[in-house]
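Trainee: With the sequence up front, the predicted model follows.
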Amino acid sequence: MNEITVSGWTVLDTAHEALRSTVRGITAADLDRPTPCSEWTVAQVLQHATGDQLAFAASITGGPGPDFNPFAPSGSLDTEPLALLEPALTASAAAWATVDRDAAEAPVPVPPGSLAPWLGAGAAALDAAVHAWDIALATGQESLLTAGLARDLHKVATEIVEPLRQFGAYAAPIDAPGDEIADLLHYLGREPAWTA
């Protein structure tokens, strides 16, 4: 088995592992299943999450980003799910490993284009973890979004999500009580009890 590249940013490495583990559990029969992202199938969420991690890497390295629009995923895969995802996770982790924690800001592919390093790494983690949750629910897997990870990501979400709602990246928040996981999902406009 190949060695997994880590970023050294705990929240990002944890989120990457949640996404990686969830994608390992996808079967061919799962690819066309609906997801909490109401317009997208499992395959489309996977493509979107892959493209987003490549975009985070490209923002830091100046290298190539995704060769497709992550916001218009085709849903057609020409490789196994993990084979699609793993190079993106490796690129993202390797890029974030080069970011100085004491830097004033790090480049990111989301508005405003740069964030404090902890927040940028958290933004990449938020994307990975939430899409891992989407895929887990859609495919009947146990979600790897823990209360601790959700708590850390909620801090990130309150800093970055509002400007992204206007682009459709996140739905309007849901006003409902819940635990740490439900609070994060509600803030992102997701229903924790979603079913297909």
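Mentor: Okay, I see it. Small disclaimer: the values here were computed from a predicted structure and weren't measured. Numbers count the residues shown, from 1 in each chain.
Trainee: ends of stretch 20-32, how far apart?
Mentor: For stretch 20-32, the first-to-last residue distance is 19 Å (Cα to Cα, to the nearest Å).
Trainee: Name the residues of that stretch that are buried.
Mentor: The neighbour-count check on stretch 20-32 (16 or more other Cβ atoms under 10 Å) flags 20, 22-23, 26, 30-31 as buried. All C-beta atoms are positioned from the backbone trio N, CA, C, and that covers glycine.
Trainee: swap in stretch 161-169?
Mentor: With burial defined by 16+ other Cβ under 10 Å, the residues of stretch 161-169 counted as buried are 161, 169.
Trainee: And for stretch 28-48?
Mentor: Per 16+ other Cβ under 10 Å, stretch 28-48 contains these buried residues: 30-31, 33, 35-37, 40-48.
Trainee: rewinding a little: dump the buried residues of stretch 20-32 into a markdown table; add pLDDT and secondary structure as well.
Mentor: Formatted as a markdown table, the buried residues of stretch 20-32 follow (pLDDT from 0 to 100; DSSP: H, G, I helix; E, B strand; the rest coil):
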| residue | pLDDT | secondary structure |
| --- | --- | --- |
| 20 | 98 | helix |
| 22 | 98 | helix |
| 23 | 98 | helix |
| 26 | 97 | coil |
| 30 | 98 | helix |
| 31 | 98 | coil |
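Trainee: from the residues you listed, which is closest to residue 66?
Mentor: residue 23 (16.3 Å; Cβ to Cβ).
Trainee: That closest one and residue 13: what is the separation?
Mentor: Distance, residue 23 to residue 13, using Cβ to Cβ, to the nearest Å: 16 Å.
Trainee: just residue 82 next, same as before
Mentor: 17 Å.
Trainee: These two - which one has more neighbours?
Mentor: More neighbours surround residue 13 than the other of residue 82 and residue 13, with 21 against 15 (other Cβ atoms under 10 Å).
Trainee: just checking, what packs against the lengthiest helix in the chain?
Mentor: Determined from DSSP state H, the single longest helix within the chain is helix 117-139. Counting contacts by 3 or more Cβ pairs under 8 Å, 6 or more residues apart in numbering; DSSP states H and E, helix 117-139 packs against helix 10-24, helix 42-61, helix 81-97, strand 106-107, helix 147-165.
Trainee: can I get these in TSV with distance to residue 126?
Mentor: Listed next are those as TSV, based on distance: least, Cβ to Cβ, whole Å:
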stretch	distance to residue 126
helix 10-24	7
helix 42-61	10
helix 81-97	13
strand 106-107	15
helix 147-165	5
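Trainee: Show me the contact partners of stretch 58-68.
Mentor: The contact list for stretch 58-68 (Cβ atoms under 8 Å, 6 or more residues apart in numbering) reads 47, 50-51, 54-55, 57, 74, 88, 91, 95-96, 98-99, 106-109.
Trainee: ends of that stretch, how far apart?
Mentor: The straight-line separation of the ends of stretch 58-68 (Cα to Cα) is 14 Å.
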